[in-house]
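>>> Sequence first, then the predicted structure, then my questions.
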Amino acid sequence: MKKSLLALAVLGAFAGAAQAQSSVSIYGIIDTGVVYQSKVATTNGGTGSKFGLNSGVIQGSRIGFKGVENLGGGLSAVFNLETGFNNDTGALQGSDAVSGSNLFRRKSVVGLAGGFGTVLVGRQTDFADTISAYTGVADFGGWISNSGSGLNRLQGTRTNNSISYTTNNIGGFTGNLLYGFGEQAGQTSAGQAFGAGLKYENGPLGLGATYYQSKANGTSPADTSLIPATATTVTTNTLAANQGSSAYKGWNLVASYQFGPARVYGNWSRVKQDLNTQANLTAAGVGSLTSLNNRLLARSNKADMYEIGTAYSLTPSLKLLAAVDHTRAQFDGVSGKGKQTSYNLGSDYWLSKRTDLYAFVSYIRASDIVNTGVSDSTGTDGNQAAVAVGIRHKF
C-alpha cells in the first residue's frame, strides 16, 4: 500500500513538472459601443446623422491562443494565433486585401525565445504597434485611427510572410528588426518589407522610434504590407510597372511621461508614398487629385502627423482622456496641403480588472482633403462630430 502511494506521488510530481514545462492559454477582447456621427452621406445623396452599434471601438474584438513550451537551457518555443470578429453581428473578420478568407488575420506566429531575445515567423505587426503604448492609441485605440494613426502603422498594421527579432530588455532599451519576404519569382525586391524599432523605458519615461518600408509587389490584389489601415481604395501598388519600387516609408517618434496621476505624451510621424503620383493614380483609374473628392489621405504623396495628449487618473478606477491629432498631407500635382485636425475627449471607468465602460466625444475638421470622419463614415463637408459609449471585456 505504501509503495502504491509512493508511486502515485512520484507520478503526480512528474505530471506537475511536465505541465509546468508548457502552457497554452485562451484570451480575448469583446468591445462594443453605441456610436453617433453627424454629417454622414445618405443613400439619396443628402446628409444626415447616423446611429449604430459598432464592434471594436477601442480595440478590435478578438479571440486568441498563445502558448510556450520550455525546451530547456533557457530556450522556449512560443506561438500566438489571433482572429478578429465583429460581435455586433457575430461575423468573423476573415478577409483582407490579400485573400478572401484568412482565419487568423490578426496574428499567426511561431518562434523561439531565450536569453538572446525572441524570433517570430508568420503574420505579425511591426514595432510601431509596440510603441503605440506611449501614444493616444493606448487610450482611444481605433477611435482615433482616421486621424492618422492608421496610416503611420501605430494602430498595428500586419506584415505577411515576415520574420522578426526582438531583443530582451537591456538597461531599459528594447530593439526590433523585421523582414517581410516578397515571395515573387525572379524579382526579390517585389513585395519586400523592412522594419526597425527601438524603445526606452525607465520609470515614468517612455520613448520610442520606428521605421518601416515596403515595396510594391506589382500584382493584384496588393500585399497588405503595402496598404495603410486607412486606405479605402488600393491604387498604385497594383500596377505591374511599379514592381519592386518603394511604395511606403514611415517614421515614428513618440514620447510619454507619467507625472503622478497624469500621463502626458506627444509624437510625430511622417509617411511617404512615392508611387502616389498623378500619373500612377490616373493609370489606376483614379480621377485628378485637383478634385477634392479624390484627395483621400491614403493617396497622399507625403503626410506629417502630430499628436499631443494626456490621460489623468482621477481615481484608481476612473481615467479622463484628451488628445489632439493634426495631419498635413501633400498630393501630387496639387498646390498647398490638405489639413485635418481631430479633438478628442473621453473617460474610461474600470468596473474590474477585466471590464470597463468608456465614453468618447470627438470633433474633426478638414480642409483641402476628404474628411475621413471620426468612426466608420466619412464626413460630407469639412467637419464632423461623433460620440461613442461602450463596454469592453477582456478574458
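Here it is on my side, so go on.
>>> Asp139 sits in which helix or strand?
helix 137-140 (DSSP states H and E).
>>> quick one: that helix to chain centroid distance?
11 Å (CA atoms, centre = their mean, to the nearest Å).
>>> Can you name every helix or strand that that helix contacts?
Judged by 3 or more CB pairs under 8 Å, 6 or more residues apart in numbering; DSSP states H and E, the packing partners of helix 137-140 are strand 302-313, strand 318-330, strand 338-350. Every C-beta, even on glycine, is put in place using the N, C-alpha and C of the backbone.
>>> neighbouring strands for the shortest one, and are they parallel or not?
Looking at strand 302-313 with DSSP bridges, its partner strands are strand 262-272 (antiparallel), strand 318-330 (antiparallel).
>>> Can you point out the buried residues in it?
Lys302, Ala303, Asp304, Met305, Glu307, Gly309, Thr310, Ala311, Tyr312 (16 or more other CB atoms under 10 Å).
>>> of all the residues you listed, which comes closest to Ala138?
Relative to Ala138, the closest of those is Ala311; by CB to CB it sits at 7.6 Å.
>>> now the closest one: how far from Ala255?
14 Å (CB to CB, to the nearest Å).
>>> Spell out the residue ranges of the helices in the protein.
2-21, 128-131, 137-140, 278-283 (DSSP state H).
>>> worst average pLDDT in those helices?
In terms of average pLDDT, helix 2-21 trails the rest of the helices of the chain, at a mean of 46.
>>> contacting residues for the nearest residue to Ala128 once chain neighbours are set aside?
Nearest non-adjacent residue to Ala128, counting by CB to CB, 6 or more residues apart in numbering: Arg153, 4.1 Å away. In this structure, Arg153 makes contact with Thr125, Asp126, Ala128, Asp129, Thr210, Tyr212, Pro228, Ala229, Gly250, Asn252, judged by CB atoms under 8 Å, 6 or more residues apart in numbering.
>>> would you turn those residues into JSON lines with distance to Leu53?
Output for the contacts of Arg153, formatted as JSON lines (distance: CB to CB, whole Å):
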{"residue": "Thr125", "distance to Leu53": "27"}
{"residue": "Asp126", "distance to Leu53": "32"}
{"residue": "Ala128", "distance to Leu53": "30"}
{"residue": "Asp129", "distance to Leu53": "27"}
{"residue": "Thr210", "distance to Leu53": "34"}
{"residue": "Tyr212", "distance to Leu53": "34"}
{"residue": "Pro228", "distance to Leu53": "26"}
{"residue": "Ala229", "distance to Leu53": "22"}
{"residue": "Gly250", "distance to Leu53": "33"}
{"residue": "Asn252", "distance to Leu53": "32"}
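>>> out of these, who's nearest Leu345?
Ala229 (23.2 Å).
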